[in-house]
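Peer 1: pasting the sequence and the predicted model now:
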Amino acid sequence: MSNITLDSKAPSGDIKDRWDNHRFNMKLVNPANKRKFTVLVVGSGLAGAAAAASLAELGYQVKCFTFHDSPRRAHSIAAQGGINAAKNYKNDGDSIHRLFYDTVKGGDFRARESNVYRLAQVSVDIIDQCVAQGVPFAREYGGLLDNRSFGGAQVSRTFYARGQTGQQLLLGAYQALMQQVSLGRVEMHTKTELLDVVTKDGVCVGIVTRDLTTGEIRSWSGHATMLATGGYGNAFYLSTNAMNCNATAAWRAHKKGALFANPCYTQIHPTCIPASDPFQSKLTLMSESLRNDGRIWVPLKADDNRPADQIPESERDYFLERKYPAFGNLVPRDVASRNAKTVVDEGRGVGPLKNGVFLDFGDAINRLGGDVVFERYGNLFDMYERITDENPAKEPRRIYPASHYTMGGLWVDYNLMTNIPGLYALGEANFSDHGANRLGASALMQGLADGYFVAPYTVGDYLAGLLGQSPVATDDPAFTQAEAGLNDEIKRWVSVGGTKSPEHYHRELGKLVWDYCGMARDKTGLEKALGEIPALRDEFEKNVRVLGDPEGMNQSLEKVARVADFFDLGELMCRDALMREESCGGHFRVEHQTEEGEAQRDDENFSFVGAWEWEGKGQAQTLHKEPLVFEYVKPTQRSYK
Amino acid sequence: MNLTLKVWRQDGPNDPGHFETYQASDVKDEMSFLEMLDVVNENLIEAGREPITFDSDCREGICGTCGLMINGQAHGPQKGTATCQLHMRKFHDGETVTIEPFRAAAFPIIKDLVVDRSSFDAIIQSGGFISADTGAPRDANEILIPKPAADTAMDAAACIGCGACVAACPNGAGQLFTSAKLAHLNLLPQGQSERWRRTEDMVETMELFFGSCTNYGECQEACPKEIPIDFIALMNRDYLKSKLKNRKLIGQR
């Protein structure tokens, strides 16, 4: 265990002025010197593409890496509902302070106040920037921007582009990035996957990648490295993440000394399509904006097999409206998900496998007319019908919670730098802004805030101190040793010669993590998982089969390394969940609930960020704590009643 | 249901490639087409044979990574549906299904069913953007955009860049993709100052890689986002206009 003190570097003073003062106090790099610095950006989703483009516009030399065949494919593209911003265009009482307050409260008082306030401030600029880029947000007839309200908020602050907001925001960032590529300011490396982070004398000096087309292992050196590589929701195997989303970049950074914070904070999204068969490869999310107009219910009685239209009003249980009259169907995601699990566990689930609840548009269609409803949610209706062969305009759709987002991630300070100097983490890959639960339409906001408006400023403060230094050469032993290690790892995987595919082990691992560290967790289950995961990992290492040539395109080889990292990460999620003897946000410990079944926090003992330090393979990680201080939003029991 | 699959296998760009036949048994209606292939692959691995390489990512029809020619149709038989969203209920027991990569001169095959679509990125790099460096632009609501313009721009911007339009076109043309991006940006007020330059640059870059459009209309039939060829007409009009209006050219004559 090393002697690490977690300094958040969050400024003091009035929270309204903290970011402005911090920006003023940071060192600048003059325009002529910027081109002397190389910044590596790994990942090209919202955070990565935004950062790479913005850094290049400022004049830095940027190299950007993605395992996708084009930056436009990153999973940010799948976000549907929208992006929050405290514009108060609707005159409904919104403000930066209210967005800040909602986010801290929504995160169940486990986020850093300074970071969240900055996020709320910057949200306003994001919308302006995106509109300038040509993002086709929804408009009203007068030509002004339209807004809608979104899960967990009582104001309309969500900007959207039909049900494809993530796509349009990503294309905006992608186009800005492509422009910088054409100007020669960004060197773009597609189909290139990070497999190691390289440090020298405790400082990050670059990365090692594998070319997914040729199999070439290659080192890249830079003055600073930014990981914008997304979350780890695929540790559950079945999730709404894309098939290739993985935690390998963040995890390899962790193994080089970067602390991993709050891994047990995972978000289970309430409005996904329930699984239909054992071969299911992923789950599909339906934007929770559907909850604005749809009503959620189950039959009052268990094992009611009647079709929805034959169940009279009096025999329906609109359980969210009943339990939470103020917020109704718009309660935050964790609350909605847990309540769905409760009614399904009671045997009141609907659908062929009894594994869902209804989301009913009948009333909305009667009230607004089918045309209005279809305009708002058309693509979500089509999508549902394509997958289930049921028409949600005629019968209520079925939904059930699924793993969707991970609030935990690499520990970063206020500058988004990890505890390794020179290594930054942006977007979902870091832990900082959402606490124990993320509000709807806030992921896009955070990814773009980090990428456009935070990291490009804060990296200057670090780089200014490196003026005159060349990046470490890639033939330095720090790099060559890392390359040799990876070549050995690859040889090891292709020579195991077992019988089962990497996919098989991923699925088995996912079941363990979901069963014991999913929507509800308890001590017995978590301890069991901490025994079963290492046992399954041993089997995986002895019995996995990777066929084909390592020196060419080899999807099994790509997958096996990612699964290996998910094993370690799944174990850490359980260890963190076991350590956190309280319930907060997405982390629900069955032992810690109020009489009404709500999450019961323990602020006295657990008001801290739990950041874990890697101690070597097979060793238990060491916990470091960053205390959380609340000066502006007083922690209370969250109530949405 | 049980299916016979004829799958294109090609071990690298220089391999001539060939079809191989596999049996897919006990396929369920609820499975997606790619989940059916996942199961075939797991069986291949258990039998010690190299699995079929194919691309996919989000599996909800938005990332544009997947794309297969299924029985000669880009993305298969269901209209407005990407391969990943196609479900096995659209097939019947005993059917033989032919699976090929998206074939086009501009999309060289990397391995099996995976092709290189970086020519699309090249088109975007040549002008598929609105120059607006990150900073402090004016308030978003200062730019009024009539709803029909915003809606039409969004219709075009819905393109997922999968390449089905190119694969479906007998000429391997890239017009639908290029025109969709041009329409998105050229219809918005923010896109006006670069309109003519953008149109020329993108069209001329497209022509470096792709074939010519002869109005077959196969592209719009294959498009999983049902983007109409009307945008190609808009592109052609803008291209013609740009030749007359482009200020870059005036001084060069």
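Peer 2: Structure received.

Peer 1: the residue nearest to residue B:117 when sequence neighbours are not counted: what's it in contact with?
Peer 2: Nearest residue to residue B:117 in three dimensions, chain neighbours excluded: residue B:163, at 5.1 Å (Cβ to Cβ, 6 or more residues apart in numbering or on different chains). All C-beta atoms are positioned from the backbone trio N, CA, C, and that covers glycine. Neighbouring residues of residue B:163 by Cβ atoms under 8 Å, 6 or more residues apart in numbering or on different chains: B:64, B:67, B:102, B:104, B:107, B:115, B:117, B:120, B:177.

Peer 1: tell me how many other residues crowd the spatially closest residue to residue A:4 that is not a sequence neighbour.
Peer 2: Closest residue to residue A:4 apart from its sequence neighbours, by Cβ to Cβ, 6+ apart: residue A:624 at 5.4 Å. By other Cβ atoms under 10 Å in any protein chain shown, 21 other residues sit near residue A:624.

Peer 1: distance of residue A:624 from residue A:612?
Peer 2: 7 Å (Cβ to Cβ, to the nearest Å).

Peer 1: same question for residue B:62.
Peer 2: Distance, residue B:62 to residue A:612, by Cβ to Cβ: 34 Å.

Peer 1: quick one, which of the two is more surrounded?
Peer 2: Taking other Cβ under 10 Å, residue B:62 and residue A:612 do not tie; residue B:62 has more neighbours (30 against 22).

Peer 1: that one touches residue B:162, doesn't it?
Peer 2: No: counting by Cβ atoms under 8 Å, residue B:162 is not a contact partner of residue B:62; they are 10.0 Å apart.

Peer 1: taking chain A, what residue is nearest to chain B?
Peer 2: residue A:143 (3.2 Å; Cβ to the nearest Cβ).

Peer 1: what sits against residue A:480?
Peer 2: Neighbours of residue A:480 in contact, by Cβ under 8 Å, 6+ apart: residue A:219.

Peer 1: which phi and psi does it have?
Peer 2: phi -60, psi -30 (degrees, to the nearest 10).

Peer 1: can you check residue B:173 too?
Peer 2: phi -90, psi 150.

Peer 1: pLDDT score for it?
Peer 2: Note for residue B:173: predicted pLDDT of 98.

Peer 1: number of residues surrounding it?
Peer 2: Residue B:173 has 26 neighbours, counted by other Cβ under 10 Å.

Peer 1: what of residue A:355?
Peer 2: So residue A:355, with other Cβ under 10 Å, has 14 neighbours.

Peer 1: so what's it up against?
Peer 2: Contacts of residue A:355 (Cβ under 8 Å, 6+ apart): A:274-275, A:344, A:349, A:400.

Peer 1: roughly how far apart are whatever residue of chain B ends up closest to chain A and residue A:131?
Peer 2: Residue nearest to chain A within chain B: residue B:144 (3.2 Å; Cβ to the nearest Cβ). Noted for residue B:144: a distance of 11 Å to residue A:131, by Cβ to Cβ.

Peer 1: out of these two, which sits in the busier spot?
Peer 2: More crowded of residue B:144 and residue A:131, by other Cβ under 10 Å: residue A:131, with 26 against 14.

Peer 1: quick one: check the helix or strand containing that one for contact with chain B.
Peer 2: Per DSSP states H and E: residue A:131 is located in helix A:113-133. Yes: Helix A:113-133 reaches chain B (Cβ under 8 Å from any Cβ of the partner chain) through A:125, A:127-133.

Peer 1: other SSEs contacting that helix?
Peer 2: With contacts defined as 3 or more Cβ pairs under 8 Å, 6 or more residues apart in numbering or on different chains; DSSP states H and E, helix A:113-133 has these neighbours: helix A:18-25, strand A:83-84, helix A:96-106, helix A:165-182, helix A:443-448.

Peer 1: okay, those in TSV with distance to residue A:374, mean pLDDT and mean neighbour count next?
Peer 2: Listed next are those as TSV, based on distance: least, Cβ to Cβ, whole Å; pLDDT from 0 to 100; neighbours: other Cβ atoms under 10 Å in any protein chain shown:
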stretch	distance to residue A:374	mean pLDDT	mean neighbour count
helix A:18-25	42	97	15
strand A:83-84	23	97	30
helix A:96-106	30	96	23
helix A:165-182	18	98	27
helix A:443-448	24	98	30
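
Peer 1: redo those as JSON lines? Include distance to chain B.
Peer 2: Converted to JSON lines, the helices and strands packed on helix A:113-133 look like this (distance: least, Cβ to the nearest Cβ, whole Å):
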{"stretch": "helix A:18-25", "distance to chain B": "13"}
{"stretch": "strand A:83-84", "distance to chain B": "12"}
{"stretch": "helix A:96-106", "distance to chain B": "15"}
{"stretch": "helix A:165-182", "distance to chain B": "4"}
{"stretch": "helix A:443-448", "distance to chain B": "10"}
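
Peer 1: which residues touch the nearest residue to residue B:186 once chain neighbours are set aside?
Peer 2: Take residue B:186 and drop its neighbours on the chain: the residue closest to it by Cβ to Cβ, 6+ apart is residue B:195, 5.2 Å away. When contacts are counted by Cβ under 8 Å, 6+ apart, residue B:195 touches B:185-186, B:238, B:242.

Peer 1: same check, this time on residue A:205
Peer 2: Counted by Cβ under 8 Å, 6+ apart, residue A:205 has contacts A:198-199, A:221-222, A:422, A:471-472, A:476, A:478-479.

Peer 1: run through the stretch 51-200 of chain A and note the low-pLDDT ranges.
Peer 2: A:151-152 (pLDDT under 70).

Peer 1: again, 90 this time
Peer 2: A:80-81, A:148-154, A:162-163 (pLDDT under 90).

Peer 1: for the stretch 251-400 of chain A, give me the ranges with low pLDDT.
Peer 2: In the stretch 251-400 of chain A (pLDDT under 90), the answer is A:276-279, A:285-293, A:326-327, A:330-335, A:370, A:372-383, A:386, A:392-394.
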